[in-house]
Structures are given as C-alpha cells and as structure tokens.
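Q: when you get a sec, could you give me coordinates for this:
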Amino acid sequence: MSAPQPGVPLVAQSIVPPRAAAEAESSATTSSAAPSDSTPQHMHRSSSHSTHSGETLADRDAVDLEKGDKGGKDSQPADGKEGGKAQEDEKAAPSKGAPQQEEDPFLVTLKGRESLNPHTWKVWYRWSITALAGVLVLNATFASSAPSNLIASIITEFGVSQEVGVLLISIFVAGYCLGPLLWGPLSERYGRRLIFVIVWLPYMGFQIGCALAPNIGALIVFRFLGGCFASAPLTVSGGVIADLWDADRRGDALAIFALMPFAGPALAPIVSGFMQVTGTAWYWIFWVLLAFAGLCGILFFFLLPETYVPYILHLEAKRLRKETGDNRWHAPLDAPVTGGLKGTLERTIFKPFVMLGQEPMLAVITLYMSLVYGVVYLLFEAIPIVFEGRHGLNPGESGLIFLALLTGGVVGVAGYVFYFNRKYMAMHRALRPKMVPPEERLKPLLYAGPLFAMSFFWFGWTGAYSSISIWSPILSIVVLGAGVLYVFLTGFNYMIDCYLVNAASALSVNTVMYDRLGIQGACSLLGGLAILFVPVPWVLIKYGKRIRGWSKNALVLD
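A: Residues are numbered from 1 along each chain as shown. Take a look at the predicted model:
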C-alpha cells in the first residue's frame, strides 16, 4: 500500500490498497489507539472533548506535527503534575479490576492517519486554500453592492421610487440572513466542498435572471435568491479557515480573511460608478457578476479540497468499504441521526436561534457585528449624498471614495498582524499547553471601539459642509474602515475560540436613513449606537470566564 504523502490531502491522492494492506492498517491502528480515542466525539471538531489546554485534540496535534515537538514540552501539562497523575491512574486501573472499554477496530479516526488532518498540510498549501476561500467571499460581497451606482438607471428603466431602487441592495443582504441557517449546519454534516458545489450554479443562474429581468418584481426576487446562495461563502469559508489553522496561526489568517466582507462592497461601487458615467446599460453589471462567479467556480471546483475532518474521515471509511468489501468500516459521522425530523431541525435551521437565546455573550457580539455590517451598507447612501451632493463629484469619482474604507481595513490588518497577534502568539506559547482565554482576542476592540464611534461624528459633521476640505470626511472613512475590520476580526476570533464554530449571521438594515435624518442626524444616531457598544469588550474581558461558565455550548472553559 502506498502511504499518503505528508502535506497533501488524501482527496487529492490516488490510494488503492489491497484488502490485506487495509486489514494490516486497521490492526496497527487498533494496537496503538487509546480507548478514549475510539469515541465519535474524539474526531468531531464541533463537539470533541477538550485537552488539558482547552483546545481540541486536532489543534494540539497540529502544533506538535508542524513544529516537530513529538513528546516535547508541548505534549505535557505545564506543571507536569496532571500528566503524572493520569499515568499513575492508568497503571492502577488494571489492578483494581476495572473493566476495560473495548475499542472498535473498524472505526476510522485520525490515529495513524495524521496526513488527513488539514493542520498537517504544508503551510503554503493551506495559505493557498485560505486565499481561495477569501476570493469566494469577495465575490459574494462584491455582488451585494454591485448595482449601487446604477440605481438611478434602474429607477428610470422601470419607473419606480427611490426606496424601491434601494431595495435592490438591502434585499440581497436580507438573503444573507436566511442562507446561513442552511449552509452552515449542512457543511458540518456533508462537508465544506459539497456546499460550494451545490450553491454555485444556482447563484450564477440568478445573475442571469437579474440581467434578463423583464420587470422590477423579477429583479427583486432574483436579487433575494442570489443573496441566499451568496451567503454560503460568508458562512462556510470561515469554517474552512477554522479547519486549516490552529489557534497560534489562526489570527493572521482571519485578519486577512476579515477584509473580504467589506472589500467587495468597497470595490463594487467603483465599477458601477464608472458604468453609470459612461452610459453603460444597467444590466451589464450582472453579466460582469456572472463572469466573476464563473471564474471563481472554476477555481474552487479544481483547487478546493475538503477540509472538514469528520467528513474527510467519512470519505476515508467509504473508500475502505469499497476497496476491502468489508462494510464494517465506519467513521463517527456515519452514526445514525437521532431525533427524527425534530432533531434534524434543531441541529440545522433552529440551531442559531437556540444558541442566541442560550448565550448572552454570543447575542451581544452578533448584535455588534450586525450594526457594523449595516454601517457598511449605509455608506452606499451616505457617500453619494456627501461627495456628490456637497462636493460635486460624479458617480465614478464618488465610487473611488470607497477605497478609503478598504484602506482603513488594510491598515487595520497590518496593525493586527504585526502588533496584536504577535502579542497573542507570545502569550499562547508561554501558556502551553493551557488555553489562552478567548477574551484576549477582544483586546484590539478596546482601542477600535471608541475610534469606530468617533468616526461617525467626524464624518457627519465635516462631510455636511462643502467649505470643509474633502479630505476630512475621507480620512474619517479610513478610521471607520479600520474600526469595521477590528469588530469583524475580534468577533470571528472570539466566537471560534469559544464555540469552535462560525455561527455568525449577517443582518441587514434599511439604507434610506440619510434622506430622513440628514447627514449630521443619521451619523450622530449611528455614533450614539456605536458608543453603547464601547463597554462590551471591557465587560467580557473582566467577566468573560464567569459568563462562559454558564454556557451550554462553549467548548472552551479554561
């Protein structure tokens, strides 16, 4: 039997062992695996038991395999006492006549198959997958705001009001609320890759429907459906990154990934703005979206492997059954689903709502992220009003202002990678094998939260006057962009560290506020709301451990 190549996922290799080799492998696995390793919980990332450090076993193994410290200090408790006590208990068990748990020799686990664990794949390969996951999110968020600067042409074409025209943006974002209820839980049952394959062709089809829509009703419906399917990358790509990286390196990967949820909305108005200036028909923006989606589809179909460990083990068990003819081979994910339809709904559609009801800290962080995400889309109304109405820019030039938002995000990523995450990594290595409290992930928000709130007042009360330099509101958008980045980044990191799943749902808000309240009033309202959230990281840093102690879902309890 040809052994799997280290650093390359099994799904990319051709391995066809004979029956005897498979049986030998199972025998070796049986003799080397500990009894506790045979339980299904050992392999399921979202429900696995914790090590002494509070990390999942996959996280700890990944650190050891990447750095070559097999049996080194990272594999022992820091004080050396817990490990010694465990060994003494283990030796004493047979003398007490305690019954030994029999191991299932046909249960497929990572024991002896470490190359299947994405944490052991080559670093450059994991970065390539991370970049591809980010591009898929960029595609989805680009589509959300793509028609923003063509709304005037659409209103003229179909003879509808301004509010109906703006609905084309908000209805797409509303689809982000429905889609994650399906795609996230389904990806934990059927793997990440299969979800992308299922959603991508319909998503491309809805772009064709928008381009050929005969009336505004059809256009709105196709936009909503497109948002539902576009939400899959927003939900599943975060899971891909959690699959690939351990806690030590996840911060850098998520820092770059966190740019994508608002890099797309920041870039799309530039394209539609210049299409409006050049007199290009509005429906061409949807053909552009189709071409972009088609390119992304080709990339992920040929380059994106499966990264979810439980589903990888399911595929391995399926391969062994086929090649050996022995149907006893099985993986933890093959266990029968209990609870019938009610149990299935509780694990899928109802799961986010149940968690929000049970987890106060999750509810607060999600609400904060929802406000921030809504702010990004409110800018599609605010920027044209300020820079076209007050400073005389055309739609193309106004679209370029969104680069300030992206610039702020890039500055935020640089600050996180080179300062905040380096401090976190140093703490992580110093505390091994113990867990770094998830609240440490919130430290950047202590600085970013007040700046985020301040940027609203800065933008509203300088952008409203043409006598004030145009660079003042532009700089305020840079600060706003950095604030948005840190809220997303700290929220993603905190939830992954606490729950080992990415369960955030995007919420939408109506974007006609600026016409009703004026520039100063609307920005002051949002600034006031942002101020209300400034104490959140302080409270969670001080009381987070106690709050997590009440949790029914958090898997990391120090």
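Q: show me what contacts Cys210?
A: 219, 222-223, 226, 283, 286, 289 (Cβ atoms under 8 Å, 6 or more residues apart in numbering). (Each C-beta comes from the backbone N, C-alpha and C, glycine too.)
Q: and the closest residue in space to Gly184 that isn't next to it in sequence, how far from Phe492?
A: Excluding the flanking residues, the one nearest Gly184 by Cβ to Cβ, 6 or more residues apart in numbering is Thr235, at 4.4 Å. Here Thr235 is placed at a distance of 12 Å from Phe492 (Cβ to Cβ, to the nearest Å).
Q: ditto for Ile365
A: 10 Å.
Q: check Val376 too.
A: Taken as Cβ to Cβ, the span from Val376 to Phe492 is 15 Å.
Q: ditto for Glu323
A: Taking Cβ to Cβ, one finds Glu323 at 39 Å from Phe492.
Q: about what we covered before: the residue nearest to Gly184: what's it in contact with?
A: 179-180, 183-184, 187, 502.
Q: hmm, which of those are the buried ones?
A: Buried residues within the contacts of Thr235, counting neighbours by 16 or more other Cβ atoms under 10 Å: 179-180, 183-184, 187, 502.
Q: pLDDT-wise, what's the bottom of those residues?
A: Scanning those for pLDDT, the low point is Asn502. It has 35.
Q: and whichever strand or helix holds Leu451, what other elements does it pack with?
A: Using DSSP states H and E, Leu451 maps to helix 443-463. Contacts defined by 3 or more Cβ pairs under 8 Å, 6 or more residues apart in numbering; DSSP states H and E place helix 443-463 against helix 360-383, helix 471-499, helix 513-533, helix 536-549.
Q: tell me the mean pLDDT over it?
A: Rounded mean pLDDT across helix 443-463 is 87.
Q: just the angle between that helix and helix 471-499, please?
A: Per axes from the mean of the first three to the mean of the last three Cα atoms, to 10 degrees, the angle that helix 443-463 makes with helix 471-499 is 150 degrees.
Q: what angle sits between helix 443-463 and helix 360-383?
A: Using the same axes, to 10 degrees: helix 443-463 against helix 360-383 is 30 degrees.
Q: and helix 443-463, what's buried?
A: By 16+ other Cβ under 10 Å, the buried positions in helix 443-463 come out as 444-445, 448-449, 451-463.
Q: check contacts around the nearest residue to Gly179 once chain neighbours are set aside.
A: Nearest residue to Gly179 in three dimensions, chain neighbours excluded: Ser231, at 3.1 Å (Cβ to Cβ, 6+ apart). Contact analysis of Ser231 by Cβ under 8 Å, 6+ apart lists 140, 175-176, 178-180, 183, 506.
Q: torsion angles phi and psi at Ser231?
A: phi -70, psi -10 (degrees, to the nearest 10).
Q: separation between it and Leu168?
A: Plainly put, Ser231 is 17 Å away from Leu168 if you go by Cβ to Cβ.
Q: mind checking how far Tyr424 is from Phe300?
A: 30 Å.
Q: sorry, slip of the keys, the one I care about is Val417.
A: From Val417 to Phe300 the distance is 25 Å (Cβ to Cβ).
Q: between the two, which one's more packed in?
A: The neighbour comparison of Val417 against Phe300 (other Cβ atoms under 10 Å) goes to Phe300, with 20 against 14.
Q: where's that one, which helix or strand?
A: Assigned by DSSP H and E, Phe300 falls within helix 284-303.
Q: low-confidence ranges in this structure?
A: 1-102, 337-341, 343-363, 495-523, 525-526, 544-545, 547-558 (pLDDT under 70).
Q: outline the domain layout of it.
A: Here the domain parsing of the chain from automatic domain parsing is 121-307+350-549, 309-342.
Q: which one of these lies closest to Glu103?
A: domain 309-342 (13.4 Å; Cβ to Cβ).
Q: pull up the distance across the closest one, start to finish.
A: Using Cα to Cα, to the nearest Å, one end of domain 309-342 lies 26 Å from the other.
Q: what are the buried residues along it?
A: Within domain 309-342, judged by 16+ other Cβ under 10 Å, the buried ones are 309-317, 319-321, 323-324, 329-334.
Q: in what element of secondary structure is Ile468 found?
A: Going by DSSP H and E, Ile468 is not in any helix or strand.
Q: that one contacts Phe459, correct?
A: No - using Cβ atoms under 8 Å, Ile468 makes no contact with Phe459, being 11.2 Å away.
Q: nearest to Ala263 among the contacts of Ser231?
A: Nearest to Ala263, judged by Cβ to Cβ, of the contacts of Ser231 is Ala140 at 11.1 Å.
Q: distance-wise, check that closest one relative to Leu194.
A: Taking Cβ to Cβ, one finds Ala140 at 18 Å from Leu194.
Q: do Gly134 as well
A: For Gly134 relative to Leu194 (Cβ to Cβ), the value is 20 Å.
Q: quick one, which of these two is more surrounded?
A: Gly134 (22 against 16).
Q: surely that one touches Met260?
A: Yes - Gly134 lies in contact with Met260 (Cβ under 8 Å); the separation is 4.9 Å.
Q: need the residues touching each of those two.
A: With Cβ under 8 Å, 6+ apart, Gly134 and Met260 have common neighbours Ser237.
Q: now the nearest residue to Ile285 once chain neighbours are set aside: phi and psi?
A: Residue nearest to Ile285 in three dimensions, not counting chain neighbours: Ala146, with 5.1 Å by Cβ to Cβ, 6+ apart. Dihedral angles of Ala146 (phi, psi; degrees, to the nearest 10) stand at phi -50, psi -40.
Q: count the neighbours of Ala146 for me.
A: Per other Cβ under 10 Å, the neighbour tally for Ala146 reads 27.
Q: just to be sure, Asp326 is in a helix?
A: No - according to DSSP: H, G, I helix; E, B strand; the rest coil, Asp326 belongs to no helix; its state is coil.
Q: give me the distance between it and Phe106.
A: Distance from Asp326 to Phe106, by Cβ to Cβ: 7 Å.
Q: cool, Val484 as well?
A: 50 Å.
Q: between those two, which one's more packed in?
A: Higher neighbour count among Val484 and Phe106: Val484, with 28 against 18, using other Cβ under 10 Å.
Q: that one reaches Val375, doesn't it?
A: Yes - if you go by Cβ under 8 Å, Val484 and Val375 touch, sitting 6.9 Å apart.
Q: what's the burial count for Pro535?
A: 10.
Q: that one and Ala453, how far apart?
A: 11 Å.
Q: and Val221, by the same measure?
A: 37 Å.
Q: what of Ile298?
A: 43 Å.
Q: ok, Phe459 touching Ile470?
A: No - with contacts defined as Cβ under 8 Å, Phe459 does not count as touching Ile470, sitting 12.0 Å away.
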